[in-house]
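> The sequence and its predicted three-dimensional model are supplied below.
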Amino acid sequence: MIRNTILSKCQKRGYLQRGTSLIELIFVVVLLAAMVLSFTKLFMDVSVTSTSPQYRLTGTLLAQELMEEIKSRRFDENEAKTADGNWSKTLGTDSGETTGSRASLDDVDDYQGLSENLSTPFNGFSRSVSVAYVNQDSLNTPLAIPGTVPNDWTPDYKRVQVTVSQGGSQRAQLVTIVGSAKSRDTLY
């Protein structure tokens, strides 16, 4: 009887509740799941942002490599033939040249429209080139749609833009102005 009295008093005070209810268990599971998801998202964001500078650096180096190759070419197909600036009226490859074989590209505007997907070890990276004639007074604004030149105009500057992308994101873009030998003489 004493035992029953002690048990009934303990039950009233809650001393004998040793387990947890189903509601408490579900609450704890939901709380832990939310914490795990937030920590996972935090670590994923950190890992993505930590690789971004690496992709940017790789993109910049790939853009510089192609830009140096382009700058090593002569200004125009006709540069050796004419001194009066009678340049080609169309930008892009000339007869006998293909963008598939960059070794055949012998002047700056041959690179107009070049687009290439790089292979190992740069899988996923792509490069594209845009070349346009520009006026000395406004070097950032192409004078014509890239690929064409007005008939009454003999430009002495070309704006070359190399863009490197990776995974759908632009990683680097370099722009330079290339001048003819005639334009170099007028600058100094």
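Everything's here; your move.

> top helix in this protein by residue count?
helix 22-71 (DSSP state H).

> Show me the shaky parts of the chain.
1-19, 45-51, 79-86, 96, 98-100, 143-154, 182-188 (pLDDT under 70).

> name the helices or strands packed onto the longest helix of the chain?
Counting by 3 or more Cβ pairs under 8 Å, 6 or more residues apart in numbering; DSSP states H and E, the packing neighbours recorded for helix 22-71 are strand 125-135, strand 157-166, strand 169-179. (C-beta placed from N, C-alpha, C; glycine too.)

> want to throw those into TSV with mean neighbour count and distance to Arg73?
What follows is those, written out as TSV (neighbours: other Cβ atoms under 10 Å; distance: least, Cβ to Cβ, whole Å):
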stretch	mean neighbour count	distance to Arg73
strand 125-135	20	11
strand 157-166	21	10
strand 169-179	16	9
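
> still on that earlier bit, and whichever helix or strand comes after the longest helix of the chain, what does it pack onto?
Using DSSP states H and E, the helix or strand that follows helix 22-71 towards the C-terminus is strand 115-117. Contact analysis of strand 115-117 by 3+ Cβ pairs under 8 Å, 6+ apart lists strand 125-135 as its packing neighbours.

> quick check: angle from the strand it packs on to strand 169-179?
30 degrees (axes from the mean of the first three to the mean of the last three Cα atoms, to 10 degrees).

> continuing past strand 125-135, what's the next helix or strand?
strand 138-142.

> contacts for that following strand?
Applying Cβ atoms under 8 Å, 6 or more residues apart in numbering, the contact partners of strand 138-142 are Ala132, Tyr133, Val134, Asn135, Tyr157, Arg159, Val175, Ile177.

> again with stretch 91-108
69-71, 73-77, 79, 88, 109-116, 131-133, 146-149, 158, 160, 178.

> do that again at 7 Å, thanks
For stretch 91-108, the surrounding residues in contact (Cβ atoms under 7 Å, 6 or more residues apart in numbering) are 70, 73-77, 109-114, 131, 146-147, 158, 160, 178.

> so how far does it reach from one end to the other?
9 Å (Cα to Cα, to the nearest Å).

> That one: which residues count as buried?
Across stretch 91-108, burial judged by 16 or more other Cβ atoms under 10 Å covers Leu91, Gly92, Thr93, Glu97, Thr99, Leu105, Asp107, Val108.
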